[in-house]
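Chemist: Show me how the following folds:
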Amino acid sequence: MAILKILFIEDETALAEIVKESLEAKGFEVYHALTLAKAMLLYKQEEPDIILADVMLPDGNGFEWIATIRRTDSMTPVIFLTSRSQTADVVKGFEMGGNDYLKKPYSIAELEVRMKSLLKRELNPVALTKNVTYSWQIGKSTFLYPSGELKMGIRKRQLTSREADLLQLLLLKRNEPLKRNDILQSLWGNTDYFSGRSLDVFISKLRSYLNADTTVKIINVRGLGYKLIC
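Modeler: Purely as a prediction, here's the structure:
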């Protein structure tokens, strides 16, 4: 198995050293950046498998940097690592392109679990068969999984890996209720507050992508979860 590359953006030197050494001891290849300028160089040179990003950095904001990355890269998983835990901060992180959000102080064990949840999609129940592309018709749109391409006529949208996984789950249960906690356990591996807020953001994003077609709806099922109607 290839060694997985991590781009780790953190300006707290002592914390960065501990996390880097701990992850390297677990077999990861960690590229550490103290600044966003250095992070961009490493991102281009090393093509990391996952990005761990602080938010407040000496030369800018991690949210905005990831939003820039997302213009050309929708697939590399991103976990924000930050002490900012207000609801607005959590929501903004996911809106800017984050896949997960971990509040400081965090344990290496929890960080590793969350990384593996994003990196090892073959262990995810969404990916039912390896090396198979699923083609779904969603009203007037066509959705390809796991590539994440959503097409309506000549318009194409590239979904992030998390958006694609969520839409795939909804499609596997189309026109049937899908429990909120089942989604959280399948895609995030837990049902905590931050994961729940993340799910809310991704549901909102999928609704905005599909709202041009009035025959398609993602509805709330009170006390249970969601249902994709198409």
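Chemist: Show me what the worst-scoring helix or strand of the chain on mean pLDDT is packed against.
Modeler: Sorting the helices and strands of the chain by mean pLDDT, DSSP states H and E puts helix 87-95 at the bottom, at a mean of 80. Where contact means 3 or more C-beta pairs under 8 Å, 6 or more residues apart in numbering; DSSP states H and E, helix 87-95 is packed against strand 78-82, strand 100-103, helix 193-210. (Glycine included, C-beta is placed from N, CA and C.)
Chemist: and if we set it to 10 Å?
Modeler: Secondary-structure packing of helix 87-95 (3 or more C-beta pairs under 10 Å, 6 or more residues apart in numbering; DSSP states H and E): helix 62-69, strand 78-82, strand 100-103, helix 193-210.
Chemist: now for these, which one comes closest to residue 225?
Modeler: helix 193-210 (9.4 Å; C-beta to C-beta).
Chemist: Any stretches of this structure with poor pLDDT?
Modeler: Applying pLDDT under 70 to the chain flags residues 1-2, 85, 120-132.
Chemist: Could you pull up the residues touching the closest residue to residue 61 other than its chain neighbours?
Modeler: Spatial nearest neighbour of residue 61, chain neighbours left out: residue 55 (6.4 Å); criterion: C-beta to C-beta, 6 or more residues apart in numbering. Neighbouring residues of residue 55 by C-beta atoms under 10 Å, 6 or more residues apart in numbering: 9, 61-66, 80-84, 89, 92-93, 96, 98, 101.
Chemist: Phi and psi next, for residue 55.
Modeler: Here is the backbone geometry of residue 55 (degrees, to the nearest 10): phi -100, psi -50.
Chemist: Much appreciated, bye for now.
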